[in-house]
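Q: Structure here, sequence nowhere to be found:
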């Protein structure tokens, strides 16, 4: 048992542990260099109110290890070349991990295990298998970190819930930027998750209720892939030059709203890769997104092992997709595609979309805006008199004259202007 001790400016090498503290209170470890010890560079057990600051630990099994600790700080340390983790926090709470540099630690730069209410802020992790790893850890904050060139995954979130990942930069991971498995209620907000050229920037597997808000995805193979997961919210993100912006795979009840998909191949793709399943993706909502300039489709359902049903595609804008804006397969029935704007998607002849299913392209009084089909409107009610026929034969029976959703039809004799006087924009991007 130790209390009020400072261990400062020592050089320690070739021992079992570098510094080992148990049942410690108000202990400070600062300015030390620990090199080539066989187990822990610095270990703090069953302790509280300890500060580990401005140390260099290299070539150990684990650079800094805290277990059953609380109200401690680990900051401004250099942790490099450790054979397991740079920093590991186990069965602890209320720890601040700040401004540390973890360089080429083999298994993970920073890992949390069975630990809650940990703040991991402004650290840099480079070249580990996993930049950060959370296992069975809840209510933690991971913010402002830079994670680069992980050989497997930038941040792995395994069976961990209600964590917040904000304003992190995760680049050039060999496989995944974020990997969430059996994870629920986590928030990813304001992160830059880019340049993942092998797999997915964010991969969510079998979790529910996660939120991805206002993140940037640039030059990833897949921006986000959701597999056998439900009730997630993907909102306000920007996808630029990704092969697939979002891929939903046997996933239900997700909300994808107010995102921008710029360039790349396909904006959103729905698939079923699970050979044990006989269904596609159901009851998802795709609303208020901007799709612009992709080389394939804006939204494409390719669930060939089973139908995708009861999905809603509404209030989106589709601009200049090379093969078409939306493509549904013949058995993708009972989907609703309404109040969207379709502008200059190819092939504009014979139609901007493809659908041979029994999905619905209009509700009881209005459909979608098609810039290649805006007349005639002889009764001046804002609805084109002739339906819009898709490739595959489905029909929008109430195509809109304008990219406004009619609330009050105009009286052209009185106003002398447009068929629409009062309305709501189909989509805020227009």
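A: Nice, thanks for sending it over. Everything quoted here is computed from the prediction, not taken from an experiment.

Q: Pull up the pairing partners for the helix or strand containing residue 110, direction included.
A: Per DSSP states H and E, residue 110 falls inside strand 108-113. Sheet partners assigned to strand 108-113 using DSSP bridges are listed as strand 85-90 (parallel), strand 130-135 (parallel).

Q: residue ranges with poor pLDDT in the protein?
A: Scanning the chain with the threshold set as pLDDT under 70 gives 274-279, 303-306, 347-349, 404-430.

Q: in stretch 3-11, what's buried?
A: Residues of stretch 3-11 classed as buried: residue 7 (neighbour count, 16 or more other CB atoms under 10 Å). Every C-beta, even on glycine, is put in place using the N, C-alpha and C of the backbone.

Q: Correction: the previous question concerned stretch 109-128.
A: 109-116, 118-128.

Q: Which parts of the protein are helices?
A: Here the chain has its helices, by DSSP state H, at 412-415.

Q: Would you mind measuring from the nearest residue to residue 292 once chain neighbours are set aside to residue 263?
A: Closest residue to residue 292 apart from its sequence neighbours, by CB to CB, 6 or more residues apart in numbering: residue 319 at 4.5 Å. Distance check for residue 319 against residue 263: by CB to CB, to the nearest Å, it reads 11 Å.

Q: One more: residue 234?
A: 18 Å.

Q: If you count surrounding residues, which of these two has more?
A: residue 234 (28 against 15; other CB atoms under 10 Å).

Q: Can you verify my assumption that the more buried one contacts residue 258?
A: No: the pair residue 234 and residue 258 fails to qualify as a contact (CB atoms under 8 Å) at a distance of 9.4 Å.

Q: so what sits against both of these two?
A: Any residue near both residue 234 and residue 258 by CB atoms under 8 Å, 6 or more residues apart in numbering counts here, and not one turns up.

Q: re the thing from before, shared neighbours of residue 319 and residue 263, anything?
A: Contacts common to residue 319 and residue 263, judged by CB under 8 Å, 6+ apart, are 292-293.

Q: Bridged to residue 67, which residues?
A: residue 45, residue 90.

Q: That one - how many residues pack around it?
A: Residues near residue 67, counting by other CB under 10 Å: 18.

Q: Surely it and residue 93 touch.
A: No: contact between residue 67 and residue 93 fails when scored by CB under 8 Å: they sit 11.6 Å apart.

Q: so residue 148 touches residue 171, yeah?
A: Yes: using CB under 8 Å, residue 148 is in contact with residue 171, at 5.2 Å.

Q: which residue sits closest to residue 107, ignoring its sequence neighbours?
A: Going by CB to CB, 6+ apart, residue 107 has residue 84 as its nearest residue, at 4.9 Å.

Q: thought the one you found was touching residue 110?
A: No: in this structure, residue 84 is not within contact of residue 110 by CB under 8 Å, at 11.9 Å.

Q: Quick check: residue 90 vs residue 45, distance?
A: Residue 90 is 10 Å from residue 45, by CB to CB.

Q: anything in contact with each of those two?
A: Taking CB under 8 Å, 6+ apart as the contact rule, residue 90 and residue 45 both touch 67-68.

Q: and the gap between residue 176 and residue 27?
A: From residue 176 to residue 27 the distance is 38 Å (CB to CB).

Q: Between these two, tell me which one has more neighbours.
A: Under the neighbour definition other CB under 10 Å, residue 176 and residue 27 were set side by side, and residue 176 has more, 26 against 21.

Q: What separation is there between that one and residue 365?
A: In this view, residue 176 and residue 365 are 45 Å apart by CB to CB.

Q: what do you get for residue 59?
A: From residue 59 over to residue 365 the distance is 72 Å, taken as CB to CB.

Q: now do residue 208
A: Counting by CB to CB, the gap from residue 208 to residue 365 is 35 Å.

Q: Between these two, point out the one with more neighbours.
A: residue 208 (16 against 12).

Q: which ones are touching that one?
A: By CB under 8 Å, 6+ apart, the neighbours of residue 208 are 184-185, 229-232.

Q: and these as CSV, adding neighbour count and distance to residue 200?
A: Converted to CSV, these look like this (neighbours: other CB atoms under 10 Å; distance: CB to CB, whole Å):
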residue, neighbour count, distance to residue 200
184, 18, 19
185, 16, 20
229, 27, 13
230, 17, 18
231, 16, 20
232, 25, 14
